[in-house]
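**Q** got a predicted structure here, sequence first:
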Amino acid sequence: MSTNPVYDQIRSDLSNNDVVLYMKGTPAFPQCGFSAAVVQVLNHLGIKFKGVDVLTDPALREGVKQFSNWPTLPQLYVKTQFIGGCDIVREMYQSGELTDLMSKHGIAINAQT
């Protein structure tokens, strides 16, 4: 069985961090509107997360899409579980489902008013 170094990196990111966002750019400087929107939601809720810039590694950029079987970025993972992209995260935030999911997994929410 051959190992895929990109998948190994993704598994490592996911096992070492409760919340991981594969995105274009960094949390401090998102490089696309969709990534910026997810960062804004997570920051608004005060959720600590690891942002992974896929623009610095073309193999990772394609590999994360194959890993999740999801064709677009950004991609949010919580406790190793793939949650979705920008539209799904926004819908979950607006409905309260994202807050419930984080609470269910014991992830602190420090919402800003």
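**A** Structure received.
**Q** and the end-to-end length of stretch 91-109?
**A** 17 Å (Cα to Cα, to the nearest Å).
**Q** which positions in it come out as buried?
**A** Buried positions in stretch 91-109, judged by neighbour count with 16 or more other Cβ atoms under 10 Å: 92-93, 98-99, 102, 107. Heads up, the C-betas are built off the backbone N, CA and C, glycines and all.
**Q** residue boundaries of the strands in this structure?
**A** Secondary structure of the chain (DSSP state E): strands located at 19-23, 50-53, 75-78, 81-84.
**Q** I'd like those strands written out as TSV, with distance to V64 added.
**A** Formatted as TSV, the entries for these read as follows, by distance: least, Cβ to Cβ, whole Å:
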stretch	distance to V64
strand 19-23	5
strand 50-53	8
strand 75-78	6
strand 81-84	10
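**Q** CSV for those strands, including distance to V6 and mean neighbour count?
**A** Shown next, in CSV, are the strands of the chain (distance: least, Cβ to Cβ, whole Å; neighbours: other Cβ atoms under 10 Å):
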stretch, distance to V6, mean neighbour count
strand 19-23, 11, 24
strand 50-53, 11, 19
strand 75-78, 14, 24
strand 81-84, 15, 16
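**Q** quick one: closest of those strands to N69.
**A** strand 81-84 (8.5 Å; Cβ to Cβ).
**Q** what is that closest one packed up against?
**A** With contacts defined as 3 or more Cβ pairs under 8 Å, 6 or more residues apart in numbering; DSSP states H and E, the secondary structure elements packing on strand 81-84 are strand 75-78, helix 86-95.
**Q** ok, 10 Å please
**A** Packed against strand 81-84 by the contact rule (3 or more Cβ pairs under 10 Å, 6 or more residues apart in numbering; DSSP states H and E) you find strand 19-23, helix 58-68, strand 75-78, helix 86-95, helix 97-104.
**Q** in a markdown table: the ones you listed, plus distance to G33 and mean pLDDT.
**A** A markdown table is the format used below for those (distance: least, Cβ to Cβ, whole Å; pLDDT from 0 to 100):
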| stretch | distance to G33 | mean pLDDT |
| --- | --- | --- |
| strand 19-23 | 11 | 98 |
| helix 58-68 | 17 | 97 |
| strand 75-78 | 15 | 98 |
| helix 86-95 | 8 | 98 |
| helix 97-104 | 19 | 96 |
